[in-house]
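Q: Model the following, please.
(chains A, B, C and D)
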2 protein chains.
Amino acid sequence: MDKILEQWGAARPGLDVSAMGVVGRVSRASRLLERGVKAHFEEHGLEAWEFDVLATLLRADRTLCMSDLAGAAMVSSGALTNRIDRLVAKGLVTRATSEDNRRLVLVTLTAEGRRLAGDLLDGHVANEERLLSGLTPAERAELAALLRKLLCSLGDTDL
Amino acid sequence: MDKILEQWGAARPGLDVSAMGVVGRVSRASRLLERGVKAHFEEHGLEAWEFDVLATLLRADRTLCMSDLAGAAMVSSGALTNRIDRLVAKGLVTRATSEDNRRLVLVTLTAEGRRLAGDLLDGHVANEERLLSGLTPAERAELAALLRKLLCSLGDTDL
DNA sequence: CTCAAACACTTCAATTCTGAAAGATGCGAT
DNA sequence: ATCGCATCTTTCAGAATTGAAGTGTTTGAG
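A: From the prediction side, this is the model:
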């Protein structure tokens, strides 16, 4: 991003590049971190989104409906139907219509799904720490705090 | 992300969630910012990636080859071939084989492509500033500096 | 009570991306 | 000079996503 901002400075003197510097860096950092996460799961024969769904259910510690999971993963409802189809086929989660509200489809971890997610959790956290190893713990905390404020102002809500 | 980290704290006491807090927030911020950028361009009848390619050429102020553009956009070479196909069809860029190295395909802005990118640039920057309006200028600078360091440690290189 | 509107999910067509294979070109060691 | 390997682009098949349409369910205003 440094070269990019330099180029704008030369090509469009006077253009305020501070916002572009932030948005562009968030975007690039996200893609690079995502690649690092994906590479780690591929080593274990799992897709990153598979772990994502399992981990969401594991930490919620209860069944969740399709909408909850779609919101947590920030994908469309159609995409989530597809993902759950495959996790059910793999025996990692179960689908069941809610008794209370028959519109809801409740997704629950199977014993194997719970075990798998639990087994991979520590390795995943270690991998994320490796990806962030260029920052000191204090810098990570500062970064998290700034992003937290940004997310809040963007109206982010999870589960 | 706050609820998510809370949930991990409850479901897995002792798990170090600091890395997850950073990686997760970068990812969510990126998706939300991307949506905001995309929404702005859709109002002007343009895809975000179209502006992205045009802006890359505009700021470089010279022709670029396919690899350069693919790297800048962080997409595969196949995806870029498809994108340039459509920009050529729209008359916004031209394709030409390099004289110096006949493996290279040089992409150049047409007059219309240059005009379009220039016209949309200020509005785009204003939109990004709006998306970041929850942070003070000092906070944006701090955020940019931390992300810059992170990108550096992740081996990011642009153009 | 009834019916329209809101809601949750699935299905489907269209779009887009990735990764691999293939074709063309350039480069360097021998 | 030449051969082998690397580089650059395109093509293509497979995978995944989005957004809209369709189905079934609930809610609440009248």
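
Q: Do a quick rundown of the strands in chain A.
A: For chain A, the strands identified by DSSP state E occupy A:64-65, A:93-97, A:105-109, in order along the chain.

Q: Point to the helix or strand of chain A where mean pLDDT is at its lowest.
A: Ranked by mean pLDDT, DSSP states H and E, the helix or strand of chain A with the weakest confidence is helix A:2-11, at a mean of 92.

Q: Identify, out of the strands of chain A, the most deeply packed stretch.
A: Of all those, strand A:105-109 has the most neighbours on average by mean count of other CB atoms under 10 Å in any protein chain shown, namely a mean of 20. Backbone N, C-alpha and C define where each C-beta goes, glycine included.

Q: So what's the gap between that one and the chain middle?
A: Relative to the mean C-alpha coordinate of its chain, strand A:105-109 is positioned 19 Å out (CA atoms, centre = their mean, to the nearest Å).

Q: could you give the angle of that strand to strand A:93-97?
A: Using axes from the mean of the first three to the mean of the last three CA atoms, to 10 degrees, the interaxial angle of strand A:105-109 with respect to strand A:93-97 works out to 150 degrees.

Q: Neighbours of the residue of chain A found nearest DNA strand D, how many?
A: Per CB to the nearest atom of the strand, A:G78 is where chain A lies closest to DNA strand D, at 2.6 Å. Residues lying near A:G78 (other CB atoms under 10 Å in any protein chain shown) number 9.

Q: Does the helix ranked longest in chain A reach chain B?
A: Using DSSP state H, we find that the single longest helix of chain A is helix A:18-43. Yes. Helix A:18-43 lies in contact with chain B when judged by CB under 8 Å from any CB of the partner chain; the contacting residues are A:18-23, A:25-34, A:36-37.

Q: Just the buried subset of those, please.
A: Among these, the ones that count as buried by 16 or more other CB atoms under 10 Å in any protein chain shown are A:18-23, A:25-33, A:36-37.

Q: Show the pLDDT at the residue lying closest to A:G113 once chain neighbours are set aside.
A: Computed as CB to CB, 6 or more residues apart in numbering or on different chains, the closest residue to A:G113 that is not its neighbour in sequence is A:L92, at 3.5 Å. Listed pLDDT for A:L92 reads 97.

Q: swap in A:M1?
A: Per-residue confidence for A:M1 comes out at a pLDDT of 81.

Q: Hmm, it is touching A:R28, no?
A: Yes. With contact defined as CB atoms under 8 Å, A:M1 and A:R28 form a contacting pair (6.3 Å).

Q: I figured A:A48 hits A:K38, correct?
A: Yes. A:A48 is within contact range of A:K38, at 4.7 Å (criterion: CB under 8 Å).

Q: hey, what's in contact with both of the two?
A: The overlap between the contact sets of A:A48 and A:K38 (CB atoms under 8 Å, 6 or more residues apart in numbering or on different chains) is empty.

Q: Give me the neighbour count for A:E50.
A: Neighbour count of A:E50, defined by other CB under 10 Å: 21.

Q: cool, A:V88 as well?
A: For A:V88, the neighbour count with other CB under 10 Å is 15.

Q: Next: A:L132.
A: Around A:L132 sit 23 other residues, with neighbours defined as other CB under 10 Å.

Q: What are the neighbouring residues in contact with it?
A: Taking CB under 8 Å, 6+ apart as the definition of contact, the neighbours of A:L132 are A:140, B:19, B:22-23, B:150.

Q: As JSON lines, these with pLDDT would be great.
A: Output for the contacts of A:L132, formatted as JSON lines (pLDDT from 0 to 100):
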{"residue": "A:R140", "pLDDT": "97"}
{"residue": "B:A19", "pLDDT": "95"}
{"residue": "B:V22", "pLDDT": "97"}
{"residue": "B:V23", "pLDDT": "97"}
{"residue": "B:L150", "pLDDT": "96"}
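
Q: For chain A, give me the ranges with low pLDDT.
A: In the predicted model, chain A carries pLDDT under 70 at residues A:159.
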